[in-house]
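# sequence and computational prediction follow.
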Amino acid sequence: MRPFFVMSLLFGLTFGQTASLCAPSEYTIHVEKRECAYCLAINTTICAGFCMTRDSNGKKLLLKSALSQNVCTYKEMLYQTALIPGCPHHTVPYYSYPVALSCKCGKCNTDYSDCVRERVRTNYCTKPQKFCTV
């Protein structure tokens, strides 16, 4: 039984990335500005899914390179801009948002991701809703 466990462990460490389920996923963002008359529902793609992580209770016994905390993050992305309808002239009516083209398991980049935890927010409209067609 012990050789099977060792082989399973080696297989998991070697091919863990291929077993990850990190991919672009459809997501709807609801955008409101206080000054504007409407809420805009934007359909986009984000990176979501499971990434293999190697962490051990024996952290003090292992090298830091043996430990990894990977997250599902953007490999390729682009930004698109939508126009929020019903905004007065003195308000900037544009909203830019990311579109995931491809994803990877890797270190979290704080330039464009919240790496700590997802903030508790409501993702719905309180004003009449318009849909963004891209």
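Received it, and whenever you're ready, just let me know what you need.

# buried ones in the host helix or strand of K104?
Assigned by DSSP states H and E, K104 falls within strand 94-106. Residues of strand 94-106 classed as buried: Y95, Y97, P98, V99, A100, C103, K104, C105, G106 (neighbour count, 16 or more other C-beta atoms under 10 Å). C-beta coordinates here come from the backbone N, C-alpha and C atoms, glycine included.

# identify the farthest-apart pair in these.
Maximum pairwise distance in the buried residues of strand 94-106, criterion C-beta to C-beta, is 28.7 Å, between Y95 and C105.

# low pLDDT regions in the protein?
Within the chain, the segments meeting pLDDT under 70 span 1-20, 54-68, 112-124, 132-134.

# which stretches in it count as strands?
Counting by DSSP state E, the chain has strands at residues 21-31, 39-50, 71-83, 94-106, 129-132.

# now do the same contact list for C36.
Neighbouring residues of C36 by C-beta atoms under 8 Å, 6 or more residues apart in numbering: I84, P85, G86, C87, P88, T91, P93, K127.

# now these: which count as buried?
For the contacts of C36, a burial check counting by 16+ other C-beta under 10 Å picks out I84, G86, C87, P93.

# and the last one, how far from I46?
It stands for P93. Distance, P93 to I46, using C-beta to C-beta, to the nearest Å: 23 Å.

# how about the third one?
Taking C-beta to C-beta as the measure, C87 falls 25 Å from I46.

# what bridges to E76?
S102 (DSSP bridges).

# for it, the count of nearby residues, please.
Around E76 there are 11 other residues, counting by other C-beta atoms under 10 Å.

# right, and it touches L101 too?
Yes. Under the criterion of C-beta atoms under 8 Å, E76 makes contact with L101 at 4.1 Å.

# quick one: contacts for the residue nearest to S25 when sequence neighbours are not counted?
Excluding the flanking residues, the one nearest S25 by C-beta to C-beta, 6 or more residues apart in numbering is A48, at 4.1 Å. A48 sits next to C22, A23, S25, Y27, C72, C103 when contact means C-beta under 8 Å, 6+ apart.
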